[in-house]
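Engineer: What follows is a predicted protein model with its sequence.
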Amino acid sequence: MSESTPPPAHRPDGTFVIFDLDGVLVDTQDAENGGLAHVGELMGLTGLGDDQARCHELFTGKRMQECLDLLEEITGNPPPPNAMPLARARCEELIGDHLEPLDGVADALTRLSERPDVLGMCVASNSPLELIENRLAKAKILHHFDGLLFSAYEVGAWKPDPKLFLWAAESAGHDPDACVVVEDSAVGVAAGIDAGIRVLQYAPAPGTAPHREGAVVFHTMHDLPH
């Protein structure tokens, strides 16, 4: 090889793991739904907070602004000017001061952090950055991510847009095909697949089908594949 010819780029062997937050590492969906239900009740939907099935149908997997727009469409009333802070404050009240990671998560993160073929781990979520950090800290798993936390609010793109995952991979210094996404929601699985990243779909209910063709389903964090 001549001195003027640069050496071929070296791609490290291994995988960089991109985790979703809610429903994968911690479970705050019921609290999130409760916060939005509180706002919905202020807008006229009496009893929404007692109807978990309807809350799940209306809110799960959507960003907060979409949920507020939906509540306005249903009620015909505009949300209060401080709707987002109200919903988030109520959500934090429901969570309290301590948050348990999902079963098997602490073990899985420790195992991955000790594997030489794992290039690192990050969290990429539709939630605001402060909320991501706060919930990981409450669950006592923040230290596993070396400050690599990525919020859709920072990049201005929410799942199912693949831009969040692509930005996370690029910011961490890895090509998409050197990454794997761990997701549970249909929008997250779609974002990972459309980003060209291998997707592991966490589905605690046995028999759950992939949200999209190409996702690999697993049922317990104790057996997180890699």
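Structural biologist: Looks like it arrived, so ask away. Numbers count the residues shown, from 1 in each chain.
Engineer: same for the lengthiest strand in the chain, what does it pack against?
Structural biologist: Criterion DSSP state E: the longest strand present in the chain is strand 118-125. Strand 118-125 makes packing contacts with strand 15-19, helix 105-113, helix 129-138, strand 149-151, helix 163-172 when contacts are defined by 3 or more Cβ pairs under 8 Å, 6 or more residues apart in numbering; DSSP states H and E. Just so you know, the C-beta spots here come from the backbone N, C-alpha and C atoms, and that holds for glycine as well.
Engineer: and that strand, which strands flank it?
Structural biologist: strand 15-19 (parallel), strand 149-151 (parallel) (DSSP bridges).
Engineer: Please tell me how far the last one is from the chain's geometric centre.
Structural biologist: Its chain's C-alpha centre lies 9 Å from the corresponding centre of strand 149-151 when counted by Cα atoms, centre = their mean, to the nearest Å.
Engineer: Buried residues in it, which are they?
Structural biologist: Leu149, Phe150, Ser151 (16 or more other Cβ atoms under 10 Å).
Engineer: Quick check: of these, which lies closest to Lys163?
Structural biologist: Phe150 (10.6 Å; Cβ to Cβ).
Engineer: ok, now which ones touch that closest one?
Structural biologist: Cys122, Val123, Ala124, Ser125, Leu164, Trp167, Ala168, Ser171 (Cβ atoms under 8 Å, 6 or more residues apart in numbering).
Engineer: Out of those, grab the one that's most surrounded.
Structural biologist: Counting neighbours by other Cβ atoms under 10 Å, Ala124 leads the contacts of Phe150 with 29 neighbours.
Engineer: Name whatever forms a beta bridge with that one.
Structural biologist: In beta-bridge terms (that is, DSSP bridges), Ala124 pairs with Phe150.
Engineer: Roughly how far does it sit from Met43?
Structural biologist: 31 Å (Cβ to Cβ, to the nearest Å).
Engineer: ok, now Pro210?
Structural biologist: 36 Å.
Engineer: What pLDDT does the model give Ser4?
Structural biologist: We note a pLDDT of 38 for Ser4 in this prediction.
Engineer: next one: His10
Structural biologist: 37.
Engineer: Check Val182 too.
Structural biologist: Val182 is given a pLDDT of 98.
Engineer: secondary structure element for it?
Structural biologist: strand 179-183 (DSSP states H and E).
Engineer: next one: the next helix or strand after that strand to chain centre, how far?
Structural biologist: Using DSSP H and E, the helix or strand that follows strand 179-183 in sequence is helix 186-194. Its chain's C-alpha centre and that of helix 186-194 lie 11 Å apart, by Cα atoms, centre = their mean.
Engineer: circling back: can you give me the angle the strand holding Val182 makes with strand 15-19?
Structural biologist: Strand 179-183 and strand 15-19 are oriented at 20 degrees to each other (axes from the mean of the first three to the mean of the last three Cα atoms, to 10 degrees).
Engineer: Dump the C-alpha coordinates for strand 179-183 into PDB.
Structural biologist: Coordinates of each C-alpha in strand 179-183 appear next as PDB, following Å, rounded to 0.1, in the frame of the first residue of the first chain:
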ATOM      1  CA  CYS A 179     -26.500  -1.300  16.400                       C
ATOM      2  CA  VAL A 180     -29.600  -3.100  17.800                       C
ATOM      3  CA  VAL A 181     -32.700  -1.400  19.100                       C
ATOM      4  CA  VAL A 182     -34.700  -2.800  22.000                       C
ATOM      5  CA  GLU A 183     -38.300  -1.600  21.800                       C
END
